[in-house]
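Enquirer: The following comprises the amino acid sequence and a computationally predicted model.
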Amino acid sequence: RLGGATLADAARKFNLKPRTIEAIDRNGKDMKGDTVPDLPQNVDVLSAAFAAEVHGENEPIRVPNNGGYVWFDVDSIAAARDRPLDEVKAQVLARWREDEIANQLRAKATAMLDKIKAGTSFADVTAADKLKVEWRPGIKRGGAQNALSAPAVTEIFRTPQDSAGAVEGASPAERMVFRVTEIK
């Protein structure tokens, strides 16, 4: 490299296969919004690349645990831009669907909680909608557990015994209605 060879020429000289990534953003996504596969693990190549100058002299990045290095070169920098609707229409529709599902689930959970607070039993409310009921004993404070997210565990511990509550599930498209039956 110090002799003026390109990174690709230097790689070929040592029988290494150079890899070209056409475009990548700070989140490791390509122009279509897909994750760029096979980036080196445990190495912050993206921060180094985004701090580099076009065709500048970049220090190689050491790969921990295997003694190797990542050499890189930035060929060009594209300015940030708003993508036209044609490029993002599928993602916009998917996000809209997810938001609508989340809104409907939130409304359904609220309606269920209102029925429970009005005196209808938890079993009757869940049976009316043919919902799956699970018993999760032994929940402890301090983060996600038993397939419950950390916010769900926090909300469960805020809820008094024999009371019900609702919280977002593992994703915005999931909602959980719960009842605290025992506190130890």
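Expert: Arrived safely, thanks for sending.

Enquirer: Every contact and neighbour count from this point should use C-alpha atoms.
Expert: Will do.

Enquirer: what comes up buried for the longest helix belonging to the chain?
Expert: Taking DSSP state H as the criterion, the chain has its longest helix at helix 85-117. Buried residues in helix 85-117, counted by 16 or more other CA atoms under 10 Å: 98, 101-102, 105-106, 109, 112-113, 116.

Enquirer: okay, those in TSV with distance to residue 87 and pLDDT next?
Expert: Output for those, formatted as TSV (distance: CA to CA, whole Å; pLDDT from 0 to 100):
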residue	distance to residue 87	pLDDT
98	19	89
101	23	91
102	25	90
105	29	92
106	30	92
109	35	93
112	40	94
113	41	93
116	45	92
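
Enquirer: Specify which member of the residues you listed is nearest to residue 163.
Expert: Distance to residue 163, by CA to CA, is smallest for residue 116 among these, at 8.8 Å.

Enquirer: any idea how far residue 165 is from that closest one?
Expert: 10 Å (CA to CA, to the nearest Å).

Enquirer: Repeat that for residue 78.
Expert: Taking CA to CA, one finds residue 78 at 48 Å from residue 165.

Enquirer: ok, now residue 134?
Expert: With distances taken as CA to CA, residue 134 is found 15 Å from residue 165.

Enquirer: Neighbour count: those two, which is higher?
Expert: For residue 134 versus residue 165, the count of surrounding residues by other CA atoms under 10 Å is larger for residue 165: 21 against 7.

Enquirer: What strand or helix carries the more buried one?
Expert: For residue 165, the element it lies in under DSSP states H and E is strand 164-168.

Enquirer: Give me the residues contacting that strand.
Expert: 109-110, 113, 116-117, 151-152, 155-156, 159, 174-180 (CA atoms under 8 Å, 6 or more residues apart in numbering).

Enquirer: Note down every partner strand of it and its orientation.
Expert: strand 175-179 (antiparallel) (DSSP bridges).

Enquirer: Buried ones in the partner strand, by neighbour count?
Expert: Those would be 175, 177-179, for strand 175-179 by 16+ other CA under 10 Å.

Enquirer: Just confirm residue 1 contacts residue 10, I think it does.
Expert: Yes. The criterion here is CA atoms under 8 Å, and residue 1 meets it with residue 10 at 6.6 Å.
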